[in-house]
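1. everything below, folded, please.
(2 chains)
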Amino acid sequence: MDTIILLTLTGLGLAALYFLVASGLSLVFGLADVLNFAHGLFLGVGAYATWWAAGNLPGAGPDGLGFVVAVAFGVAAGTLMAVLVELVLIRPLYSRTIEQVLVTVGLSLAGVALLQATWGADARPFPRPAWTREVTSILGAQVPNGGLLLIVAALLVLGAILAFLRWTRYGLIIRAGVENREMVTALGIDVRKAFTLVFAIGGAAAALAGSLGSVYFGTVSPQQGGSLLIFAFIVVVIGGMGSVVGSAYAAVAVGLLQQFVNYYGTSGLGDICVVALLAVVLLLRPQGIAGKAVTA
Amino acid sequence: MTEPVLTVEDLSVRIAGLHILQGVSFTVAPTGVTVLLGRNGVGKTTTLRAVVGLTPPGGEVRGTVRMGAQSLLAQRTHRLVRGGLGYVPEDRCVFAGLTVAENLRLAERRGSTPAYDRVFALFPELDRRSRQRAGSLSGGQQQMLAIGRVLLNDNRLLLVDEPTKGLAPKVVTEVAEVLERVAESVPVLLVEQNLAVVRRLARDAVVLAAGRVAWAGDAQELLLETALTRSLLGVGSAEGHQPAADHQPAEAAVDQVAARPAGAASAPEDGS
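-> Presented below is the predicted three-dimensional model:
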């Protein structure tokens, strides 16, 4: 029983990480039709910016309020990066899918290379508060606090995005734009501002995933964004392009499946099962769990 | 003679290698309804979409389109719409996942008071159903919402694309009544296949064939001339028939009417 609870909660921690990356990816694809392969770079930028801030930024540090400042700095850096990528690289290429893919793939490779050149290819220990290395006993299971932190953060981000989509004017524009972008412009709305905004939201969530994921793993490395991005894409496709709630459900399904199969089966079998789940969803429900509609 | 609200000159549109419009010229009078007619696939919707800047990416648009003194073609759609060009697309295009109230709220603009009174006076049903998802409305109600959304703001010209398409006869009459009332205060450029609706609403008509204007003039005059209507639109009578779906190629029609107006691209006013 302890094992099942532990596996469930660590699986949900993994799901939280996937959701943080996938939610932005899904909104960006749903609204702007952009397959952003550079999304993993936002995660890397967030992680390294947090790591850098904890050691160098005045007021920031590895513990207490200083850690919050360091994470906030990482999130701000990821957001800024995402906005710059949208404005400088993606905006001139809207409705040119192949060029977008080439640019974003190129950027992700160049970004990882730049991180490696600056801070080395090896994983570095990540500064983190002492309590995140400890465990909490839940119904007899010793659950790592880092995983619980991810789950809480993902729930807060999910709530914040849904509230934003439901209650704000820009949220309304994004929900409408995911359904029919052209008609939004035909109502006199500059939908490109909403594109920049979803990139910013996606960048912020991915950067948060970078920071808190590094807390969970205890290290930061240049490749970590890329490997998470593959599973985040799977989550987006299973959840349905443009659906934040769909991404949340799919992230939970993928995280739990991976964790349980990897534990009870052979290590690595969980990843294969996730791909099998993707194939099943694509065959039975190609539009994903929630289809192309933003649910708020 | 009053100045036209919209002037289209030598408009050419090429999409995916197809030369759909080949030098279309016409004007829209500052009052009443001007109807854009023609067989299926002749470029009526392409014309409206070119005017409002919604030609698909990669499409090539040439010519001149002016609303008053303002040149439209170089501007982005949302600016045109904010400048008073209202557009009600074919197939309604309401946001199915949003409620009626949210669909209307999207059309609100900063700095201007939305005319909910005007919209709900025309469509009381929208007020009653404000919390209902637009996707669950009937086709007629969705059309009302699509028109209502545009009427929330003041417009200098409305472009309305096939508002009665796919609707039951009773609902067609309701939509026509609404457009009649709307046209009392704002000029309308209407694409419509239902000739009974055209007869009821249109003052001027522009007929497209083979990517060009084949006839322009008084709409009622056009409908009275059965032979002309048949040759232009492929229908035997103007009494409420919709043109058959399996039309002959549009190019054929233009041959048949080539002799009619030498200045095919003349302003509608010329014929009235």
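
2. for A:Gly265, give me its contacts.
-> A:Cys273 (C-beta atoms under 8 Å, 6 or more residues apart in numbering or on different chains). Yep, even glycine has a C-beta here, placed from its N, CA and C like the rest.

3. pop out the phi and psi values for it.
-> In terms of degrees, to the nearest 10, the main-chain angles of A:Gly265 are phi -100, psi -150.

4. ok, now B:Ser12?
-> Backbone torsions for B:Ser12, taken as degrees, to the nearest 10, come to phi -120, psi 130.

5. B:Arg14 too?
-> The phi and psi torsions at B:Arg14 (degrees, to the nearest 10) take the values phi -120, psi 120.

6. just how off-centre is the helix ranked longest in chain A within its chain?
-> Across chain A, the longest stretch assigned as helix under DSSP state H is helix A:2-32. Put simply, helix A:2-32 sits 8 Å off its chain's centre (C-alpha atoms, centre = their mean, to the nearest Å).

7. and that helix, which residues are buried?
-> Neighbour-count burial for helix A:2-32 flags A:6-32 (criterion: 16 or more other C-beta atoms under 10 Å in any protein chain shown).

8. what's near enough to touch the most centrally placed residue in chain B?
-> By C-alpha atoms, centre = their mean, chain B has its centre lying nearest to B:Leu190, at 2.8 Å. By C-beta under 8 Å, 6+ apart, the contact list for B:Leu190 reads B:33-36, B:160, B:163, B:179, B:198, B:201-202.

9. just name the closest of those to B:Asp154, please.
-> B:Asp154 lies nearest to B:Val160 out of the contacts of B:Leu190, by C-beta to C-beta, at 16.2 Å.

10. read off the pLDDT value for the nearest residue to that closest one once chain neighbours are set aside.
-> What sits nearest to B:Val160 in space, not counting adjacent residues and going by C-beta to C-beta, 6 or more residues apart in numbering or on different chains, is B:Val88, at 4.5 Å. If you check B:Val88, the pLDDT there is 97.

11. for whichever residue of the stretch 101-250 of chain A sits closest to chain B, identify the helix or strand it belongs to.
-> Using C-beta to the nearest C-beta, the closest approach of the stretch 101-250 of chain A to chain B is made by A:Gly188 at 3.8 Å. A:Gly188 is part of no helix or strand, with elements assigned from DSSP states H and E.

12. that one and B:His78 touch, don't they?
-> Yes - with contact defined as C-beta atoms under 8 Å, A:Gly188 reaches B:His78; the gap is 5.2 Å.

13. comparing the two, which shows the higher neighbour count?
-> A:Gly188 (23 against 19; other C-beta atoms under 10 Å in any protein chain shown).

14. would you list the phi and psi of that one?
-> Dihedral angles (degrees, to the nearest 10) for A:Gly188: phi 90, psi 20.

15. which residues are in contact with it?
-> Each residue near A:Gly188 by C-beta under 8 Å, 6+ apart is listed here: B:78, B:81-82, B:107, B:109, B:153.

16. what's the separation between A:Ala49 and chain B?
-> A:Ala49 sits 35 Å away from chain B, going by C-beta to the nearest C-beta, to the nearest Å.

17. any idea which element that residue lies in?
-> helix A:39-56.

18. also B:Thr34?
-> Counting by DSSP H and E, B:Thr34 is part of strand B:33-37.

19. need the residues that contact that strand.
-> By C-beta under 8 Å, 6+ apart, strand B:33-37 touches B:28, B:44, B:47-48, B:179, B:183, B:187-192, B:198, B:201-208, B:219, B:222, B:232-233, B:268.

20. strand partners (parallel or antiparallel) of that strand?
-> With DSSP bridges as the test, strand B:33-37 is paired with strand B:188-191 (parallel), strand B:202-209 (parallel).

21. after the shortest one, which helix or strand is next?
-> Once the chain leaves strand B:188-191, the next helix or strand it forms, by DSSP H and E, is helix B:195-201.

22. which parts of that next one are buried?
-> For helix B:195-201, the neighbour count (16+ other C-beta under 10 Å) marks B:195-199, B:201 as buried.

23. tell me the pLDDT of residue 161.
-> You didn't pick a chain, so chain A it is. On pLDDT, A:Ile161 comes in at 96.

24. switch to chain B, please.
-> You'll see B:Asp161 listed with a pLDDT of 96.

25. so which of the contacts of A:Gly188 also contact chain A?
-> Among these, the ones lying near chain A by C-beta under 8 Å from any C-beta of the partner chain are B:78, B:81-82, B:107, B:109, B:153.

26. pLDDT-wise, what's the bottom of these?
-> Lowest in pLDDT among the ones next to chain A among the contacts of A:Gly188 is B:Arg109, which has 90.

27. now do the strands in the chain.
-> Let's take chain A. All strands of chain A, identified by DSSP state E, fall at A:124-125, A:135-138, A:141-144, A:219-220.

28. to clarify, I was referring to chain B.
-> Taking DSSP E as the test, the strands found in chain B are B:6-15, B:18-28, B:33-37, B:60-67, B:70-71, B:85-88, B:157-161, B:188-191, B:202-209, B:212-218.

29. let's have those in TSV, adding distance to A:Ala141.
-> Shown next, in TSV, are the strands of chain B (distance: least, C-beta to C-beta, whole Å):
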stretch	distance to A:Ala141
strand B:6-15	61
strand B:18-28	65
strand B:33-37	70
strand B:60-67	64
strand B:70-71	69
strand B:85-88	59
strand B:157-161	61
strand B:188-191	66
strand B:202-209	72
strand B:212-218	76
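
30. chain B contacts on chain A?
-> Checking chain A against chain B by C-beta under 8 Å from any C-beta, the hits are A:94-96, A:169, A:172-173, A:175-176, A:179-180, A:182-191, A:293-295.
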